[in-house]
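K.L.:
sequence first, then the predicted structure:
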Amino acid sequence: MDFRTVDTNLMCCHLHKEDADCAFAFNDNFANCESMFRNPAPRKSIWVIGSLSIIGSVFVLIWRRIFKEKNVVQNIMLTHLALSDGLNGIYLYTVGTTDLLWSGEYYLHDFKWRNGWSCQLTGAIALLSSEVSLMMMSLISADRLKNIVFPYDGTALTKRATHILCFIIWVVGFLIAFFPMFGLSYFDHPYGYHSYYGRSVVCLPLQLTSKKAPGWEYSVAFFVGLNFAFFLFITVTYTMIFAKSYLSSRRMARHGTAREIQARSKSATAKRERALARRVFCIILTDCVCWMPVIVIGLRSILEKSFSSPGDLAVWLAVFVLPINSALNPILYTFSTPQVRAKFLFLNFETLVSVIIQYLQYNI
């Protein structure tokens, strides 16, 4: 991308603005002269997924503030996870609002947007959200592994130690996300302007083609290398947790009479086991759907010299794939827990009784 290309694109859009068919937005085939999104599907979905992320995160924060669980350590971790997931909703809202503000004349703002501080800050927030969220999920997984699989090895995390670990995760996340904005020439375009987060209009520095943009090693190191390591750790951890629960149940089931064994198979323990299996499957599945496309495409872009991804791939990853965890984490880690569901049922029962009493008082 150079200034001659910018001038050519501006002239093209001025001449053909009414049909917006010119080859515009440099390497972004999903943008056109009129809008950041040529396809209307991402434009609509970005508000839906962003709203789910923010509403879910706010609910988790309020819920865990009001209903304090016995496991204080997990409560602290899940609060920080909700904060990081909420940042992804803010990122999506920022991109969606920018598209609305420049609707009909996006071509006049593209260069300034992608190379200005607004896009850099927006992209840094997206990266901060994804990295902190993944690190926090890894910490939650490690704590559950310790308590369930190795309950007698070492001491459990204390409240103070948990706060320190969460603080360290946020500091590491900030360094990873904002380091490219420190003014290092390594991340700058050869023509002198800063475009690390401006590789696409959605401000994500993903390595999606065999062409090596400035700072591509940094992008691959975190989006591919580090995130794959975290994903693998989470997958192995929850597999071990489920295996431990399953083997313990089978070991208990082998003792007793035939009637006792049959009774155990229908007991609350068996129900909890099935619920755990569903939750483990959903957690691993969402992590896989979220990160494996980015990891696989990133590896192919490095290993295959002729690899070329679709021009609109970045926007689909930004709008549909990467926010999956942020939108579903409140459900997987809070709404689906027995404690929350029990409180919901209790609250609904109380509400129903209150409505019946008021109705009877009014009509009798």
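P.N.:
That came in fine, so what should we check first? Residues are numbered from 1 along each chain as shown.

K.L.:
what's near enough to touch residue 129?
P.N.:
By Cβ atoms under 8 Å, 6 or more residues apart in numbering, the residues touching residue 129 are 84, 85, 87, 88, 91, 326. The C-beta positions use only the backbone N, C-alpha and C, and glycine is treated the same way.

K.L.:
try it again with 6 Å
P.N.:
Contacts for residue 129 (Cβ atoms under 6 Å, 6 or more residues apart in numbering) come out as 84, 87, 88.

K.L.:
next, the buried residues of the top helix by length along the chain.
P.N.:
Selection of the longest helix in the chain by residue count, based on DSSP state H, yields helix 268-303. Neighbour-count burial for helix 268-303, counted by 16 or more other Cβ atoms under 10 Å, picks out 273, 276, 279-280, 283-284, 286-287, 290-291, 293-295, 297-302.

K.L.:
also stretch 174-192?
P.N.:
Buried, per 16+ other Cβ under 10 Å, within stretch 174-192: 176, 177, 180, 181, 187, 188, 189.

K.L.:
and those, which is closest to residue 52?
P.N.:
Using Cβ to Cβ, residue 177 comes nearest to residue 52 of the buried residues of stretch 174-192, at 22.3 Å.

K.L.:
just for the stretch 1-150 of the chain, where's the confidence low?
P.N.:
For the stretch 1-150 of the chain, applying pLDDT under 70 flags the ranges 1-30.

K.L.:
which residue ranges form the helices in it?
P.N.:
3-16, 40-66, 72-101, 110-115, 117-148 (DSSP state H, counting those that start in this stretch).

K.L.:
residue 133 contacts residue 84, doesn't it?
P.N.:
Yes: because the distance of 4.3 Å satisfies Cβ atoms under 6 Å, residue 133 is recorded as touching residue 84.

K.L.:
let me see the contact set for residue 237.
P.N.:
Going by Cβ under 6 Å, 6+ apart, the list of residues near residue 237 reads 141, 145.

K.L.:
return the distance of it relative to residue 243.
P.N.:
Residue 237 sits 11 Å away from residue 243, going by Cβ to Cβ, to the nearest Å.

K.L.:
equivalent analysis for residue 301, please.
P.N.:
Relative to residue 243, residue 301 is positioned 35 Å away (Cβ to Cβ).

K.L.:
same check, this time on residue 108
P.N.:
Per Cβ to Cβ, residue 108 is found 58 Å from residue 243.

K.L.:
which elements pack onto the longest helix of the chain?
P.N.:
helix 227-253, helix 324-330 (3 or more Cβ pairs under 6 Å, 6 or more residues apart in numbering; DSSP states H and E).

K.L.:
next one: that helix to chain centre, how far?
P.N.:
In terms of Cα atoms, centre = their mean, to the nearest Å, the centre of helix 268-303 is set 13 Å apart from its chain centre.

K.L.:
thinking again about what came up before, nearest to residue 232 among the buried residues of stretch 174-192?
P.N.:
Of all the buried residues of stretch 174-192, residue 176 has the smallest distance to residue 232: 18.7 Å, by Cβ to Cβ.

K.L.:
helix or strand: which one has that closest one?
P.N.:
Per DSSP states H and E, residue 176 falls inside helix 159-178.

K.L.:
tell me the first helix or strand C-terminal of that helix.
P.N.:
Where DSSP H and E defines the elements, the next helix or strand beyond helix 159-178 is helix 216-220.

K.L.:
mind checking how far that following helix is from the chain centre?
P.N.:
A distance of 19 Å separates the C-alpha centroid of helix 216-220 from that of its chain, computed with Cα atoms, centre = their mean.

K.L.:
give the burial count for the closest residue in space to residue 118 that isn't next to it in sequence, as a bare number.
P.N.:
Nearest non-adjacent residue to residue 118, counting by Cβ to Cβ, 6 or more residues apart in numbering: residue 98, 7.6 Å away. When counting by other Cβ atoms under 10 Å, one arrives at 20 neighbours for residue 98.

K.L.:
residue 118 too?
P.N.:
16.

K.L.:
from the chain's centroid, how far away is stretch 326-335?
P.N.:
Relative to the centre of its chain, stretch 326-335 is centred 11 Å away, using Cα atoms, centre = their mean.

K.L.:
next, the distance between the ends of that stretch.
P.N.:
One end of stretch 326-335 to the other measures 14 Å (Cα to Cα, to the nearest Å).

K.L.:
contact partners of it?
P.N.:
Contact with stretch 326-335 is made by 49, 52, 53, 56, 60, 78, 85, 88, 282, 283, 286, 340, as judged by Cβ under 6 Å, 6+ apart.

K.L.:
can you rerun that using 7 Å?
P.N.:
Identification of contacts with stretch 326-335 by Cβ atoms under 7 Å, 6 or more residues apart in numbering yields 49, 52-53, 56-57, 59-60, 63, 78, 81-82, 85, 88-89, 129, 133, 279, 282-283, 286, 340.

K.L.:
in that stretch, which residues are buried?
P.N.:
Buried residues in stretch 326-335 (16+ other Cβ under 10 Å): 326, 327, 328, 329, 330, 332, 333, 334, 335.

K.L.:
so where is the stretch 201-350 of the chain shaky, pLDDT-wise?
P.N.:
Filtered on pLDDT under 70, the stretch 201-350 of the chain yields the residue ranges 210, 248-277, 309-312, 338-350.

K.L.:
go again with 90.
P.N.:
Residue ranges of the stretch 201-350 of the chain with pLDDT under 90: 201-225, 227, 238-350.
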